[in-house]
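# 3D model of this:
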Amino acid sequence: MTFTAYEGGRVTHMKRVENTSTLITIGELSTPDSVLKIWQLDKIDKKTKGPHLQATINITPGSQPFPVLYKK
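Numbering: from 1, shown residues only. Prediction:
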């Protein structure tokens, strides 16, 4: 299966959750923040023809690279 995970960006980390159809990716766009996306590989999005995007979470490092903070 081929699909675009980050329009205008790139995937920096990718992990499939063992014994599930869940794929977790972290990618970079044009901002300094990263974006975590949770995909369901067993469900196809009718519009994109790729896997179903279950959630998108912006990751903001704050003034220090660690710990990673979650902002909703």
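# and the gap between residue 60 and residue 28?
For residue 60, the distance to residue 28 equals 13 Å [CB to CB, to the nearest Å]. Glycine gets a C-beta too; all of them are placed from N, C-alpha and C.
# Pick out the residue nearest the middle of this structure.
The centre of the chain sits closest to residue 37, judged by CA atoms, centre = their mean, with a distance of 2.3 Å.
# SS state for it?
strand (DSSP: H, G, I helix; E, B strand; the rest coil).
# quick one: which of residue 60 and residue 28 has more around it?
Between residue 60 and residue 28, residue 28 has the larger neighbour count (other CB atoms under 10 Å), namely 16 against 12.
# how about that one, what does it touch?
Remark: with contacts taken as CB atoms under 8 Å, 6 or more residues apart in numbering, residue 28 is in contact with 6, 9-10, 12, 34-35.
# And the strands in this structure, which stretches?
Under the criterion DSSP state E, strands of the chain are mapped to 10-16, 22-28, 34-44, 51-60, 69-70.
# From the chain's centroid, how far away is stretch 2-21?
Its chain's C-alpha centre and that of stretch 2-21 lie 6 Å apart, by CA atoms, centre = their mean, to the nearest Å.
# I'd like the mean pLDDT over that stretch, please.
The average pLDDT for stretch 2-21 rounds to 91.
# and that stretch, how far apart are its ends?
The first residue of stretch 2-21 is 15 Å away from its last residue (CA to CA, to the nearest Å).
# residues in contact with it?
Residues outside stretch 2-21 that contact it (CB under 8 Å, 6+ apart): 22-30, 34-35, 37, 39-43, 48-51.
# can you rerun that using 7 Å?
23-30, 35, 37, 40-42, 48, 50-51 (CB atoms under 7 Å, 6 or more residues apart in numbering).
# can you name the two of these that are farthest apart?
Pairwise distances across the contacts of stretch 2-21 (CB to CB) peak at 31.1 Å, for the pair 30 and 42.
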